[in-house]
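[1] How does the following fold in three dimensions:
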Amino acid sequence: MIFTKRAALWLLVMATSVLVACSSSAPKKSTGGSNKSVAEDAIAAPGASILPVGPATPNPYLQNKPSVSREISQQFADATRAMRNKQWAQAEGLLQKITVANPKLSGAYLNLGLVYRAQQENKRAEQAFNDAIAANHTNLDAYNQLAILQRESGNFSAAESNYKKALSVWPYHAESHKNIAILYDLYLGKSAEALPHYEAYLQLVGGEDKQVKSWIADLQRRLGITAKPKAAEAAPAAVEGESNE
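    Model (predicted):
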């Protein structure tokens, strides 16, 4: 398979997001995370949410594409394919070669962590996720995967800390909002703190997640909050000489 240089660089940035989405083992209400969402199109109004006011800034992880050789790009693609086929030993070997050749390639450590997770090697997975963050502190998926691992082991304070770190890197990361909301809602009993993060997530994904909408409605009932009714849209005035279809 032959890659152009531009395509190869983009693969290294985006492939981890795809794999995180399909490889996370988080239970109910949990999600691995994705560095790409409709967040960059979102605009927060004053007082409307916990999101910063104004248009979203670009995802910093996607703004810093790594410079790698064609050989490394091919190895990464091969490792990605092996992971999708659950060929864990092959994927692990390829990813280890990549991290030796390019120790600053954060996505390789992230995927290595996912390989270890798939094989129930959680200690090695934790180290790999930490290595991914050390290589690139803007790797939002690495924070989320590490936090999910910590949450599953009962280390809720560490999980909360890593979700917060991800949001400090980029406050428009939808999955970090969703995951910290799940932590507050299901594990820490902090319903009032969960609600604004669910709402921020829903805003960032364009309000299209019906499941999260139901969670928000449930939280509002539990908190005694009356949902604001949607304002009726006024029908446009007919212009003389034109017909309404």
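[2] Which stretches in this structure count as helices?
    5-23, 60-63, 70-84, 88-101, 106-118, 122-135, 140-152, 156-169, 174-182, 191-204, 210-223 (DSSP state H).
[3] any low-confidence regions in the chain?
    Scanning the chain for pLDDT under 70 picks out the ranges 1-48, 227-245.
[4] Show me how it divides into domains.
    The chain breaks down into these domains under automatic domain parsing: 1-28+61-162, 171-223.
[5] Just tell me which of the ones you listed ends up closest to residue 50.
    Across the domains of the chain, residue 50 has its closest neighbour in domain 171-223 (4.6 Å, Cβ to Cβ). The C-beta positions use only the backbone N, C-alpha and C, and glycine is treated the same way.
[6] Make JSON lines out of the helices of the chain and add distance to residue 50 and mean neighbour count.
    Below are the helices of the chain laid out as JSON lines (distance: least, Cβ to Cβ, whole Å; neighbours: other Cβ atoms under 10 Å):
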{"stretch": "helix 5-23", "distance to residue 50": "24", "mean neighbour count": "18"}
{"stretch": "helix 60-63", "distance to residue 50": "19", "mean neighbour count": "17"}
{"stretch": "helix 70-84", "distance to residue 50": "34", "mean neighbour count": "19"}
{"stretch": "helix 88-101", "distance to residue 50": "36", "mean neighbour count": "18"}
{"stretch": "helix 106-118", "distance to residue 50": "27", "mean neighbour count": "26"}
{"stretch": "helix 122-135", "distance to residue 50": "23", "mean neighbour count": "19"}
{"stretch": "helix 140-152", "distance to residue 50": "17", "mean neighbour count": "27"}
{"stretch": "helix 156-169", "distance to residue 50": "9", "mean neighbour count": "19"}
{"stretch": "helix 174-182", "distance to residue 50": "8", "mean neighbour count": "28"}
{"stretch": "helix 191-204", "distance to residue 50": "5", "mean neighbour count": "21"}
{"stretch": "helix 210-223", "distance to residue 50": "14", "mean neighbour count": "14"}
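[7] before we move on, the earlier item: would you mind giving the domains of the chain as a markdown table with distance to residue 51 added?
    A markdown table is the format used below for the domains of the chain (distance: least, Cβ to Cβ, whole Å):
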| stretch | distance to residue 51 |
| --- | --- |
| domain 1-28+61-162 | 15 |
| domain 171-223 | 5 |
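[8] out of these, nearest to residue 53?
    Closest approach to residue 53 among the domains of the chain (Cβ to Cβ): domain 171-223, 11.0 Å.
[9] now the end-to-end length of that closest one.
    The stretch domain 171-223 measures 25 Å between its terminal residues, going by Cα to Cα, to the nearest Å.
[10] Stretch 129-140 too?
    11 Å.
[11] The closest residue to residue 52 other than its chain neighbours: neighbouring residues, count only.
    Leaving aside its sequence neighbours, residue 52 sits nearest to residue 171 (Cβ to Cβ, 6 or more residues apart in numbering; 5.7 Å). Neighbourhood size, residue 171 [other Cβ atoms under 10 Å]: 18.
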